[in-house]
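Undergrad: Provided below for reference: sequence and predicted model.
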Amino acid sequence: MNGRTVAGALGSIGVLVVVLAGIYGFAGGSVLESPDELLAPTVGTLAVATAVVAGLIALGTRSVRRRTPYW
């Protein structure tokens, strides 16, 4: 294996760990407890995070300086 393969695998594992921690935190903090007063802030936060990620993806796909065929 070369350096890129190892770095890609470690990056994927890191992202997986963060996603699992987020799911665990969301399930423990919002789903299992009463979501009455936390429902609106949770939905708002998820909407803002989704919009930011979608915006960054859109900016990355329209970039003129693309040097790799990734997009």
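TA: Received, thanks.

Undergrad: CA atoms for contacts and neighbours, from now on please.
TA: OK.

Undergrad: outline the domain layout of the chain.
TA: The chain breaks down by automatic domain parsing into domains covering 1-33, 35-71.

Undergrad: least reliable of these going by mean pLDDT?
TA: Among these, domain 35-71 carries the lowest mean pLDDT, a mean of 77.

Undergrad: list the buried residues for that one?
TA: Under the neighbour-count criterion of 16 or more other Cα atoms under 10 Å, domain 35-71 has nothing buried.

Undergrad: what's the offset of that domain from the middle of its chain?
TA: 8 Å (Cα atoms, centre = their mean, to the nearest Å).

Undergrad: next one: stretch 9-21
TA: 10 Å.

Undergrad: CA atoms only for that stretch, dumped as PDB, please.
TA: Provided in PDB are the C-alpha atoms of stretch 9-21 (Å, rounded to 0.1, in the frame of the first residue of the first chain):
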ATOM      1  CA  ALA A   9      -8.200   4.700   4.900                       C
ATOM      2  CA  LEU A  10      -7.300   6.700   8.000                       C
ATOM      3  CA  GLY A  11      -9.400   9.700   6.800                       C
ATOM      4  CA  SER A  12     -12.400   7.400   6.200                       C
ATOM      5  CA  ILE A  13     -12.000   5.900   9.600                       C
ATOM      6  CA  GLY A  14     -11.800   9.300  11.200                       C
ATOM      7  CA  VAL A  15     -15.000  10.500   9.400                       C
ATOM      8  CA  LEU A  16     -16.800   7.300  10.400                       C
ATOM      9  CA  VAL A  17     -15.800   7.800  14.100                       C
ATOM     10  CA  VAL A  18     -17.100  11.400  14.000                       C
ATOM     11  CA  VAL A  19     -20.400  10.300  12.300                       C
ATOM     12  CA  LEU A  20     -20.900   7.600  14.900                       C
ATOM     13  CA  ALA A  21     -20.200  10.000  17.700                       C
END
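
Undergrad: for it, give me every contacting residue.
TA: Applying Cα atoms under 8 Å, 6 or more residues apart in numbering, stretch 9-21 has no contact partners.
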